[in-house]
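return a 3D structure for these sequence lines:
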Amino acid sequence: MHALGVDLGSARVGLAFSDELGMLAIPLETVPAKKALDRILALVAERGVKWIIVGHPRNMDGSFGPAADAARRFGETLAARTTARVELWDERLTTQLAERMLAADAGLPRKLQRDIIDQLAAQQILQSWLDAREARASPPEPPEHG
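Residues are numbered from 1 along each chain as shown. Now for the predicted structure:
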């Protein structure tokens, strides 16, 4: 089961891809926002993607803002153009976590840092979805007899 994670930004879009077992999300690439739709559709065809998980930004209080509307519209456009299932997924704090993972003092040029952060954010979105999917599929623990 292949899935693609998408961290949608106004300038760049980070992408991540799952392993065949659907257990591990791997950073893939960062593409310019204007080319993201075509690149995602190409990846669906090339890699047999069954799920596209689009980060859906929420405010910390759970409300939605303009970026969430843009993600929803992007998801609707994707759903209309592909046979892969498209799901919006809460992406709160993924960019901050990605920045911490990279550590700003890594000595990389700023543009490369931004590209990597976008990919890591997409990885976090996808990994969160994969973990939740696995948790839903796992049978409940048997009750303890005591």
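
tell me the contacts of the closest residue to Leu24 other than its chain neighbours?
Residue nearest to Leu24 in three dimensions, not counting chain neighbours: Ser18, with 6.7 Å by C-beta to C-beta, 6 or more residues apart in numbering. Where C-beta positions appear, they are placed from N, C-alpha and C, glycine not excepted. Shown in contact with Ser18 (C-beta atoms under 8 Å, 6 or more residues apart in numbering): Met1, His2, Ala3, Leu4, Gly5, Leu24, Ala25, Ile26, Leu126, Leu130.

what do you get if the cut-off is 10 Å, keeping everything else the same?
Residues counted as contacts of Ser18 (C-beta atoms under 10 Å, 6 or more residues apart in numbering) are 1-5, 24-26, 28, 47, 49-51, 53, 123, 126-127, 129-130, 133.

cool, Val49 as well?
Contact analysis of Val49 by C-beta under 10 Å, 6+ apart lists 1-4, 17-18, 40-41, 43, 82-85.

what's opposite it in the beta bridge?
Bridge pairing for Val49 (DSSP bridges) gives the partners His2.

tell me which helix or strand of the chain sits lowest on mean pLDDT?
Ranking every helix and strand in the chain by mean pLDDT, DSSP states H and E puts helix 94-102 at the bottom, with a mean of 60.
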